[in-house]
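Student: structure for this input, please:
(one chain, ligands or ions: 2)
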Amino acid sequence: MPIKLTPEQARLRGLAREVAEGSIRARAAETDRTEAYPWENLREMTRAGLIGHTIPKAYGGAGGSFLDAVLIVEEMARVCGVSGRIAVEANMGAISAVMQYGTEEQKQLAARIVLAGDKPAICITEPGAGSAATEMTTSAVRHGNTYVLNGRKHWITGAGVSKLHLVFARVFDEAGQEQGIGGFIIARDVPGVPETPGFRIGRREPTMGLRGIPESEVILEDAEVPASMALRPPGGWRRGFAELMDAYNSQRVGAGTVALGIAQGAYELALDHAGAREQFGRPIAEFQGLQWMLADMSIQLNAARLSLHDAAASADPFPDPLLAAQAKVLASEMAIRVTNDALQVFGARGYSRDLPLERMVRDARMFTIGGGTAQILRTQIASRILGRKFPQGRDGYRGEALRPAAE
Ligand SMILES: CC(C)(COP(=O)(O)OP(=O)(O)OC[C@H]1O[C@@H](n2cnc3c(N)ncnc32)[C@H](O)[C@@H]1OP(=O)(O)O)[C@@H](O)C(=O)NCCC(=O)NCCSC(=O)CCS(=O)O
Ligand SMILES: Cc1cc2nc3c(=O)[nH]c(=O)nc-3n(C[C@H](O)[C@H](O)[C@H](O)COP(=O)(O)OP(=O)(O)OC[C@H]3O[C@@H](n4cnc5c(N)ncnc54)[C@H](O)[C@@H]3O)c2cc1C
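Tutor: Ligands and ions are numbered 1, 2, ... in the order given. Take a look at the predicted model:
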């Protein structure tokens, strides 16, 4: 463990490991095979206080930090990537945005839903706006006391099982004037909260890995959302996207930590196997070719963990954008290499679906894509270290490149 944990953090990590090793590890293969959402894992994490752990005490949570959340996430992902992702979204991303920027009513509602055992969904990406998220076309038009939402999101993690949704949309006033980008809170299947007609779940993607959690479309067709459920960051709609993405940096750290946990789990299996499997009359761990592979895995895991912890600990109130992007690139690329090398240490057995290595390779693959691709994050990193904006549109450089980057 690279940074010194407080006794409470060490206890939290121990509790998370106990829950993970309890039955979550045993269910991981079944979750992958059946592609069914692991409700029982969610219930167990909820009972242990690991869901909504970062929600302030005043709203019923534990008031935990993002570093606490990272400790929980790594332990879950070490045995089950899907459960790691559940732990991320139940403590970071959308829930943290609502708890930081929301009105009293919004915070009460979001805390109640998540603490009852929900992994919220964050709905940003659209078919025409992936990396170019600011090009989203989902609209929220003000009509009296409601906003009417129209648009289509896709690749939404948890769509169809999540109850709390934070939908990013372009905001228009009653006169049709664009105001900026904001978040809209939509609850689904929550006792006492009316459903939102026009809000529906579309096609589920047949994904490569992390199959126990749906990645689906969220479709908005004249969906009426009360104006009281519009999440307007303190800088107003004009700064809405930037401030919501600032909150989203917590989830980038979380996503990197899932990658770390999956890779750590694969590495531990490879270490054990290298000591146990014999060829040429001796354990394969005695061959330098494998020793150096294992050594490189340990170096990369340690570097990624340090970087993620540093990013999580920088939160004020959200992780620093540069540290979050650096940590996510490092951890996501590391996890692809480490899970593949761990599989290699197992030889043919690693390639069999009887063992978890092939699942870990598939599960690790998403993290250079979801949450901002490795390419996009490198551009963001470059922008921050060089102190320059690097607009990606064809017309972007007319004057823009001379403007200093945001703090
Ligand atoms: C930001 C991008 C969409 C690029 O779009 P633009 O070039 O149009 O925007 P910018 O001028 O770069 O940014 C606008 C504004 O926002 C500020 N900003 C942007 N990102 C951040 C951030 N991470 N933290 C803080 N502030 C941010 C930026 O500084 C600008 O403000 P100023 O005008 O300078 O003051 C693109 O780079 C991008 O991030 N694309 C990736 C989109 C993404 O991450 N989607 C995630 C969807 S959810 C998901 O995938 C879940 C998966 S998971 O594993 O949980
Ligand atoms: C498993 C998974 C879960 C996800 N969960 C969510 C979720 O819960 N909520 C949500 O809103 N979204 C989610 N996403 C969507 C994710 O955020 C997007 O996939 C991601 O932002 C990239 O968008 P895209 O897939 O449209 O790729 P594109 O933007 O089409 O990019 C295609 C390729 O071009 C590269 N590229 C694009 N622009 C540039 C550039 N300017 N410079 C260099 N390279 C560039 C990219 O790096 C990539 O390699 C998820 C995705 C996955 C895979």
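
Student: who does the helix or strand encompassing residue 32 touch, helix- and strand-wise?
Tutor: Taking DSSP states H and E as the criterion, the element that holds residue 32 is helix 25-34. Contact partners of helix 25-34 among helices and strands, from 3 or more Cβ pairs under 8 Å, 6 or more residues apart in numbering; DSSP states H and E: helix 39-47, helix 81-89, helix 357-364. To be clear about C-beta, it is placed using only N, CA and C from the backbone, and glycine gets the same treatment.

Student: with residue 227 as the reference, name the closest of the ones you listed.
Tutor: Closest to residue 227 of the helices and strands packed on helix 25-34, according to Cβ to Cβ: helix 81-89, at 25.5 Å.

Student: what residues does the stretch 201-350 of the chain have near ligand 2?
Tutor: Contact residues, the stretch 201-350 of the chain versus ligand 2 (Cβ under 6 Å from any ligand atom): residue 215.

Student: hey, where'd the strands end up in the stretch 201-350 of the chain?
Tutor: Under the criterion DSSP state E, counting those that start in this stretch, the stretch 201-350 of the chain contains strands at 215-226, 230-231, 278-279, 282-283.

Student: stretch 218-238 close to ligand 1?
Tutor: No - on the criterion Cβ under 6 Å from any ligand atom, stretch 218-238 is out of touch with ligand 1, staying 9.2 Å away.

Student: same check on stretch 300-313?
Tutor: No - contact between stretch 300-313 and ligand 1, assessed by Cβ under 6 Å from any ligand atom, is absent, since the two come no nearer than 11.6 Å.

Student: what about that stretch, average pLDDT?
Tutor: For stretch 300-313, the per-residue pLDDT values average out at 98.

Student: list the buried residues in that stretch.
Tutor: Within stretch 300-313, the residues scored as buried using 16 or more other Cβ atoms under 10 Å are 300, 301, 304, 305, 307, 308, 309, 310, 311, 312, 313.

Student: tell me who's in contact with the last one.
Tutor: What it means is residue 313. 3, 65, 66, 67 (Cβ atoms under 8 Å, 6 or more residues apart in numbering).

Student: pretty sure the third one sits against residue 251.
Tutor: Right, the one you point to is residue 66. No - the pair formed by residue 66 and residue 251 falls short of the contact definition of Cβ atoms under 8 Å, at 9.9 Å.

Student: domains of this protein?
Tutor: Under the assignment named as the TED database, the residue ranges that make up the domains of the chain are 7-116, 121-233, 240-386.

Student: make CSV out of the ones you listed and add distance to residue 395.
Tutor: Formatted as CSV, these follow (distance: least, Cβ to Cβ, whole Å):
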stretch, distance to residue 395
domain 7-116, 31
domain 121-233, 13
domain 240-386, 17
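
Student: ok, which of the strands of the stretch 201-350 of the chain comes nearest residue 139?
Tutor: Across the strands of the stretch 201-350 of the chain, the minimum distance to residue 139, taken as Cβ to Cβ, is reached by strand 215-226, at 8.9 Å.

Student: mind listing residues that contact that closest one?
Tutor: The set of residues that contact strand 215-226 without belonging to it, under Cβ under 8 Å, 6+ apart, is 121, 123, 138, 140, 143, 145-157, 159-160, 165, 167, 169, 184-186, 196-205, 207.

Student: return the residues of the stretch 1-150 of the chain in contact with ligand 1.
Tutor: 88, 122, 124, 125, 131, 132, 133, 134.

Student: in ChimeraX, how would I select the buried members of the residues you listed?
Tutor: What follows is the ChimeraX syntax for the buried subset of those, where burial is set by 16+ other Cβ under 10 Å:
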select :88,122,124,125,133
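
Student: looking at the residues of the stretch 1-150 of the chain next to ligand 1, which are in helices?
Tutor: Secondary structure of these is defined by DSSP state H; positions in helices are residue 88.

Student: just to revisit the earlier point, most neighbours of all the contacts of residue 313, which one?
Tutor: Across those, neighbour numbers were computed from other Cβ atoms under 10 Å; residue 66 holds the maximum, 29 neighbours.

Student: list the contacts of it.
Tutor: 54, 91, 92, 96, 250, 253, 312, 313, 315, 318, 319.

Student: give me that answer again for 10 Å
Tutor: Contacts for residue 66 (Cβ atoms under 10 Å, 6 or more residues apart in numbering) come out as 54, 73, 91-92, 96, 249-251, 253-254, 257, 308-309, 311-315, 317-319, 324.

Student: relative to residue 347, how far out is it?
Tutor: In this structure, residue 66 and residue 347 are separated by 39 Å, where distance is defined by Cβ to Cβ, to the nearest Å.

Student: any idea how far residue 285 is from residue 297?
Tutor: 13 Å.

Student: what do those two both touch?
Tutor: Common neighbours of residue 285 and residue 297, using Cβ under 10 Å, 6+ apart, are 270, 271, 345.

Student: just for this protein, where's the confidence low?
Tutor: Scanning the chain for pLDDT under 70 picks out the ranges 1-2, 397-407.

Student: where is the longest helix in it?
Tutor: Under DSSP H, the chain gives helix 240-276 as its longest helix.

Student: that's a helix at residue 12, yeah?
Tutor: Yes - according to DSSP: H, G, I helix; E, B strand; the rest coil, residue 12 belongs to a helix.
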